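Chemist: Show me the folded form of this:
(one chain, ligands or ions: 1)
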Amino acid sequence: MTTYQCIVLAARPQGVVASENFRLETRPVPAIKEGEVLVRNHYLSLDPYMRMRMEDLKSYAAPQALDEVMIGGTVGVVVESNNPKFSVGDNVVGMLGWSEMGVSDGMLLKKVDTTHIPMSAYLGAVGMPGMTAWYGLNKIIQPKPGQTIAVSAASGAVGSVVGQLAKLQGCRVIGIAGGKQKCDFVVDELGFDACIDYKGGNLYKDVKAAAPDGIDGLFENVGGVVMDSVLARMNPYGRIALCGLISGYDGQPMPIHNLRVVLSMRLMMQGFIVSEHMELWPQGLGEIGGLVASGKLKFRETVSQGMASAPEAFMGLLRGKNFGKQLVKLI
Ligand SMILES: NC(=O)c1ccc[n+]([C@@H]2O[C@H](COP(=O)([O-])OP(=O)(O)OC[C@H]3O[C@@H](n4cnc5c(N)ncnc54)[C@H](OP(=O)(O)O)[C@@H]3O)[C@@H](O)[C@H]2O)c1
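Modeler: As a prediction, the model looks like this:
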């Protein structure tokens with residue numbers, strides 16, 4: 001290979017992301033310097049946070065720079081190494097962006113074992129999304145056996161892990177997802193106790209029916225009316241892990257009418273960013289990796305093919321077209 005493809009941010013979105021916001025480029029494969037490794041990426045992870053980085057807003061991280069390769073998690077194989085810690089053939093997870101190849105100084109590169117866990121899972125259940133689930137559930141919600149836990153975007157990369165971990169801890173788990181197919185999967189395959197289709201037209205009634213004794217913990221991925229419907233059913237001293245607000249990432253309004261429940265039910269709500277808790281990743285991913293390897297924790301993926309498919313797949317992720325972790329297969 002003498003050239004490779006990558007995708008850069010061509011323009012910041014005005015409202016809903018469009019294909020014009022991205023540009024596919026072909027670049028020569030670079031020569032690596034002392035201490036560097038060259039990686040051939042096999043999978044690119046597409047994640048909702050990328051939408052926020054595309055805007056020049058005050059946030060927890062700097063915005064994605066224009067005309068530079070889009071930020072993104074990757075998993076691939078070392079094809080050249082001038083770094084003693086990495087050898088050709090090592091499977092590595094890193095942050096090499098929307099790109100078929102990437103150069104790393106090794107700092108953010110981690111070797112992964114694909115004997116019992118497929119390579120792609122290191123971008124999903126056994127990667128950042130899984131760790132997000134582990135952190136928000138265990139460190140913020142801190143569930144107790146017998147409690148009722150609700151999670152939105154329940155069939156997705158984060159939500160699917162949240163619910164399965166909560167079930168393993170003896171909780172009653174209610175998912176919220178878009179459409180019958182996703183809800184059936186969440187209950188039949190992942191083992192949640194119930195799943196509500198928020199597109200079904202009876203959201204508030206359905207949440208009430210699924211949680212007759214109220215809700216003790218909410219893992220919120222969506223915001224807006226989905227969050228509002230669960231807030232209305234929260235029990236006293238309930239705990240909310242505010243993980244994501246995807247229903248508003250493309251600039252849509254996210255009305256919350258039931259904020260008074262935070263007061264009347266004395267709720268605790270904590271936002272968090274998983275990358276701020278790196279010291280816990282080995283513990284969290286060790287636990288999840290063990291569960292995945294032994295078949296006790298399941299996950300699902302939606303895989304688009306080839307670098308050029310990434311923008312369309314990303315736009316689909318923001319509209320719920322993905323079913324499970326959204327990946328791009330590059331090789
Ligand atoms: N705080 C952190 O550190 C952190 C880290 C990772 C992820 N997150 C957040 O976690 C959430 C889930 O991320 P993920 O990677 O697991 O994504 P995902 O759930 O695999 O995919 C996104 C899902 O969001 C749902 N969605 C999209 N637009 C929606 C809308 N308008 N209303 C309701 N649901 C909508 C869709 O599912 P349906 O078809 O079911 O609607 C879609 O499949 C996101 O909000 C993300 O920003 C936060």
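
Chemist: surely Ala177 meets Tyr198?
Modeler: Yes. At 7.2 Å, Ala177 counts as touching Tyr198 under the criterion of CB atoms under 8 Å. All C-beta spots, glycine's among them, are computed from the backbone N, C-alpha and C.

Chemist: Of these two, which one has the most company?
Modeler: Ala177 (30 against 25; other CB atoms under 10 Å).

Chemist: With adjacent residues omitted, what lies nearest to Glu34?
Modeler: Asn82 (5.3 Å; CB to CB, 6 or more residues apart in numbering).

Chemist: And Ser19, its phi and psi?
Modeler: Per-residue torsions, Ser19: phi -60, psi -20 (degrees, to the nearest 10).

Chemist: Check the one 10 residues further on too.
Modeler: For Val29, the backbone dihedrals are phi -70, psi 130 (criterion: degrees, to the nearest 10).

Chemist: Which per-residue confidence value corresponds to it?
Modeler: pLDDT for Val29: 98.

Chemist: Would you mind measuring from it to Ala65?
Modeler: Per CB to CB, to the nearest Å, Val29 is found 22 Å from Ala65.

Chemist: Glu220 too?
Modeler: From Glu220 to Ala65 the distance is 30 Å (CB to CB).

Chemist: more neighbours, those two?
Modeler: Just comparing Glu220 and Ala65: by other CB under 10 Å the higher neighbour count belongs to Glu220, 25 against 13.

Chemist: How about the secondary structure of Thr114?
Modeler: The three-state label given to Thr114 by DSSP: H, G, I helix; E, B strand; the rest coil is coil.

Chemist: Let me know whether it touches Asp90 as I believe.
Modeler: No. With contacts counted by CB under 8 Å, Thr114 stays clear of Asp90, the gap being 10.5 Å.

Chemist: if we can go back for a sec, joint contacts of Ala177 and Tyr198?
Modeler: Here Ala177 and Tyr198 share the contacting residues Ser152, scored by CB atoms under 8 Å, 6 or more residues apart in numbering.

Chemist: Walking through the stretch 1-150 of the chain, point out its strands one by one.
Modeler: 3-9, 22-28, 37-45, 74-81, 91-94, 101-104, 110-111, 148-152 (DSSP state E, counting those that start in this stretch).

Chemist: what does the stretch 151-300 of the chain give?
Modeler: Assigned by DSSP E, counting those that start in this stretch, the strands in the stretch 151-300 of the chain fall at 172-177, 194-197, 215-220, 234-242, 268-271.

Chemist: Which residue, neighbours along the chain excluded, lies closest to the residue most central in space within the chain?
Modeler: By CA atoms, centre = their mean, the chain has its centre lying nearest to Pro129, at 4.0 Å. Once flanking residues are discounted, Pro129 sits nearest to Ala157: 3.7 Å by CB to CB, 6+ apart.

Chemist: cool, His116 as well?
Modeler: Per CB to CB, 6+ apart, closest to His116 is Ala293, 3.9 Å.

Chemist: ok, Leu327 touching His42?
Modeler: No. At 9.6 Å, Leu327 does not count as touching His42 under the criterion of CB under 8 Å.

Chemist: Can you check which residues contact both of these two?
Modeler: Ser120.

Chemist: which one of those two has more residues nearby?
Modeler: Leu327 (25 against 19).

Chemist: Give me the angle between the helix or strand hosting that one and strand 37-45.
Modeler: Applying DSSP states H and E as the criterion places Leu327 in strand 325-329. Relative orientation of strand 325-329 and strand 37-45, computed by axes from the mean of the first three to the mean of the last three CA atoms, to 10 degrees: 130 degrees.

Chemist: quick one: contacts of strand 325-329?
Modeler: With CB under 8 Å, 6+ apart as the criterion, strand 325-329 contacts 42-47, 98, 120, 123-125, 129, 156-157, 299-307, 309-310, 313-314, 316-317.

Chemist: Could you spell out the sheet neighbours of it, each with its direction?
Modeler: Sheet pairing of strand 325-329 (DSSP bridges) gives strand 37-45 (antiparallel), strand 301-305 (parallel).

Chemist: quick check: angle from that strand to strand 74-81?
Modeler: Per the same axes, to 10 degrees, the angle that strand 325-329 makes with strand 74-81 is 30 degrees.

Chemist: quick revisit: for the strands of the stretch 151-300 of the chain, which one ends up most surrounded?
Modeler: strand 172-177 (a mean of 28; mean count of other CB atoms under 10 Å).

Chemist: which helices and strands sit right next to that one?
Modeler: Taking 3 or more CB pairs under 8 Å, 6 or more residues apart in numbering; DSSP states H and E as contact, the helices and strands that strand 172-177 lies on are strand 148-152, helix 157-168, helix 180-188, strand 194-197, helix 203-210, helix 224-231.

Chemist: Many thanks, have a good one.
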